[in-house]
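Trainee: sequence and predicted model, in that order:
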Amino acid sequence: MKYEEIYQKLKKKYTDEEIAESMLIPADLTSEEEKQMAEEMKAIRLQRLREVTDQDRILADVMRLRFQMERYVNTGVFSFDKTFGKYLEEYIRILNKPRKDFAEDLSIHYTKLSRVINDKEEPNIGMAYQLEKHSGYLINARLWWKLTIKKQEFIIAQDDTTRKEEQKKVSNALRA
């Protein structure tokens, strides 16, 4: 009886009340008792899931999205699967709202929203501020904007053709 030995050692130092308050001592259960406990826990979890409101689910999913965004912007790797538009699309999906209604929430034209979601147009800083407010400040404007910056950094690092074309237009450059 491993737990009994631990208890006897603790009893030399502490009272039963102190042990009970500070420790979680697992019970020695038979396999049948373990099955019964597992079933009871499953029933409790399912009951709690049924009691979750749509608002609670949305808030939890928005927080999950925020953590995913934070994790991504802190990595050194850019992915076209994780752009501003992709995260915005996921945000709208979480809200379970038609895009047209969401565009109205932000006071922007539906086609502009669609172009941003599909990475055909870059968002402006105003959209980052609007999304911050719309998310109840759960996802701040800086985080939304960092997604745009990450894409721009990738493009600048990869686009040697445009760099060379634009540099040809420069005259009287400083000599370092």
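Mentor: Received it, and whenever you're ready, just let me know what you need.
Trainee: output the below-cut-off pLDDT ranges for the protein.
Mentor: Applying pLDDT under 70 to the chain flags residues 1, 23-27.
Trainee: show me where this structure has its helices.
Mentor: In the chain, the helices defined using DSSP state H lie at 2-13, 16-22, 31-51, 54-73, 84-95, 99-106, 110-117, 125-134, 141-158, 160-168.
Trainee: would you convert these into a markdown table that also reports distance to Ala176 and mean neighbour count?
Mentor: Any C-beta I mention is one placed from the backbone N, CA and C, and that applies to glycine too. Shown next, in a markdown table, are those (distance: least, C-beta to C-beta, whole Å; neighbours: other C-beta atoms under 10 Å):
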| stretch | distance to Ala176 | mean neighbour count |
| --- | --- | --- |
| helix 2-13 | 71 | 10 |
| helix 16-22 | 66 | 11 |
| helix 31-51 | 63 | 10 |
| helix 54-73 | 32 | 14 |
| helix 84-95 | 35 | 19 |
| helix 99-106 | 45 | 14 |
| helix 110-117 | 39 | 17 |
| helix 125-134 | 32 | 16 |
| helix 141-158 | 20 | 16 |
| helix 160-168 | 14 | 9 |
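Trainee: for Asp28, see how far away Ala141 is.
Mentor: From Ala141 across to Asp28, the span is 55 Å (C-beta to C-beta, to the nearest Å).
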